[in-house]
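>>> 3D model of this:
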Amino acid sequence: SSSPSDVVQHDLFPKISPFLDKHLLFPLLEHIQKQSIYAEDQVLRVQLDLLKKTKLVDFAMDKYKLLHKTEEVPEEMTKKRALVVSQLKELKAECKALLSIIEDGNVEKAKPQKGDRSEKSEKIYRDALLQQAEANKISTEQVEALYKYAKLHFECGNYGQVQEGGPLGAAEFLTIYRMLVKDSASDNSLSALWGKLAAEILLEKWDDAADDLKKLRDIIDTRHFANPLQQLQQRTWLIHWSLFVYLKPEVSSSSNLRTELIDLLFTDRYIQAIQTNCPHVLRYLAAAVITSPRRRVAVKDLVRAIQQERHAYRDPITEFLECLIVNFDFDGAQDHLRRCERVLAADYFLQSMRDEFVQSARLFIFETYCRIHQCIDIRALADKLSMGQEEAELWIVNLIRNARLDAKIDSEKHHVIMGSTKPSVYQQVITKTKTLVFRSSVLAGNLLKQGGRYASEDAD
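Below is the predicted model of the structure:
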């Protein structure tokens, strides 16, 4: 079994933190604290240092009292709190006319109902806001003041409405700002979308967060960045923020969240970003693929990426796949699987899928074993799986049925006899051409964009 030092060695917090907003780090630190991976004082110090860089003053005071075991707080914290309250009042005064419009009865009626994220409803609300803003002669400066007001609300921890009819927060104000701002391609408009996504993640509004993640991806992939490194950085942030949206929700309107994560991360530009900036994300891609039986066709591409980045990153999960797919080392795969369990339990994003991962990994071992052996001794397999012979036989029968393997059981000799597992020519053609249409459309889109860019340069 894994030792605590093994878990510390494979803790990804130091690698992930540079690509997340400071506020998104607090849920990860709370998880680390509960897991007792590090000493309590050590985690409290990190939390307090991080809180000093935010305006979560009350939260910082609580952590200071816990760390120093006192009821007194430094005077600078009290002064900072008074300053934040003063800034909120000042910005609220600047946004007074705009806040009155937001609370206007006609605008309130046009607001989409809870759960309604259709473009039509959004357009009706935007039109109502713009109409009132024009009638009240709202200036560009007042709209920009709303951005600052929303940003301050976010920095203070007021991320948005917790319940229907509650006070508005950063998520709502940033939505309205993006509807009113004239230049939708401005840096502030893009920052507002990032802020809205962060607020929705922290409020666990997963469906809204998934919508905004897709909007961000479209902007990042289609916008012309002066510096390609900036685009790479934005993609790297998107990859890390997507882990919250696709791996954390327990309830969501989408039943294919892991499939969506796999599709995103296997897109050429994003797998390149992973290999360039964050090979540690291969852990999450591997976990998603292993627990998604219908996406097993992606295993070969995944293992290729894992092998290419082996010098930069490896952990029990990536090593499990290497052992199984590259080396066909089944004993080694079982050893790595035991190490995986503790690493998964300690990982903020993967803790909830630990049991599912272990079950899927065992199934994966069995399927792979069956595909390279013609005759399998059930007794030997039962020993490996720590099961009784009858229990193992029943388990294998179910696996053969669910995995649609061409196999039969010889009950007298206690053997599993495998049939031919070579895929038909028809199946091989389907597998090879599965992504051809998508790749062709992406290539055509890139050529059109490049052609447009050259045409504009010639015109200049």
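>>> endpoints of stretch 103-123, how far apart?
18 Å (Cα to Cα, to the nearest Å).
>>> which residues are in contact with that stretch?
Applying Cβ atoms under 8 Å, 6 or more residues apart in numbering, the contact partners of stretch 103-123 are 101, 124, 125, 127, 128, 129, 132, 164, 207, 208, 211. All C-beta atoms are positioned from the backbone trio N, CA, C, and that covers glycine.
>>> mind doing that once more with 10 Å?
Here stretch 103-123 makes contact (Cβ atoms under 10 Å, 6 or more residues apart in numbering) with 100-102, 124-129, 131-133, 135-136, 161, 163-164, 168, 172, 175-176, 179, 207-208, 210-212, 253.
>>> can you flag the buried ones in these?
101-102, 125-126, 128-129, 132-133, 161, 168, 172, 175-176, 179, 207-208, 210, 212 (16 or more other Cβ atoms under 10 Å).
>>> does the residue lying farthest from the centre of the chain belong to a helix, a strand or coil?
In the chain, the greatest distance from the average C-alpha position (Cα atoms, centre = their mean) is reached by residue 412, at 50.0 Å. What DSSP: H, G, I helix; E, B strand; the rest coil gives for residue 412 is coil.
>>> use 383 as the first number from now on
Sure, I'll start numbering at 383, so the last one becomes residue 794.
>>> can you report phi and psi for it?
When read as degrees, to the nearest 10, the backbone of residue 794 gives phi -70, psi -50.
>>> so who does residue 626 touch?
Residues near residue 626 by Cβ under 10 Å, 6+ apart: 402, 406, 409-410, 579-580, 582-584, 586, 588, 591, 595, 730-731.
>>> for residue 476, state which of those is nearest.
Taking Cβ to Cβ as the measure, residue 580 is the one of the contacts of residue 626 closest to residue 476, at 23.4 Å.
>>> leaving out chain neighbours, which residue sits closest to the closest one?
residue 403 (4.9 Å; Cβ to Cβ, 6 or more residues apart in numbering).
>>> that neighbour: what's it in contact with?
Contacts of residue 403 by Cβ under 10 Å, 6+ apart are 436, 536, 576, 577, 579, 580, 581, 583, 584, 619, 622, 623.
>>> show me where the stretch 483-632 of the chain dips below the pLDDT cut-off.
547 (pLDDT under 70).
>>> please enumerate the helices of the stretch 733-842 of the chain.
For the stretch 733-842 of the chain, applying DSSP state H, counting those that start in this stretch gives helices covering 736-754, 760-766, 771-785, 807-815, 818-841.
>>> just put those in CSV and tack on mean pLDDT and mean neighbour count.
Listed next are these as CSV, based on pLDDT from 0 to 100; neighbours: other Cβ atoms under 10 Å:
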stretch, mean pLDDT, mean neighbour count
helix 736-754, 84, 17
helix 760-766, 73, 16
helix 771-785, 76, 15
helix 807-815, 73, 10
helix 818-841, 67, 10
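>>> ok, which of these comes nearest residue 611?
Among these, the nearest to residue 611 by Cβ to Cβ is helix 818-841 (18.4 Å).
>>> quick revisit: ok, the contacts of residue 626 vs residue 718, which is closest?
Nearest member of these to residue 718, counting by Cβ to Cβ, is residue 731, at 19.3 Å.
>>> residues contacting the residue lying closest to that closest one once chain neighbours are set aside?
Leaving out its chain neighbours, the residue that sits closest to residue 731 by Cβ to Cβ, 6+ apart is residue 629, at 4.4 Å. Contact partners of residue 629, counting by Cβ under 10 Å, 6+ apart, are 639-640, 643, 666, 669-670, 729-735.
>>> just the buried residues from the contacts of residue 626, in ChimeraX please.
Buried residues within these, by 16+ other Cβ under 10 Å, are selected in ChimeraX with:
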select :402,406,409,410,579,580,582,583,584,588,591,595,730,731
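>>> what are the buried residues along stretch 482-495?
483, 484, 486, 489, 492.
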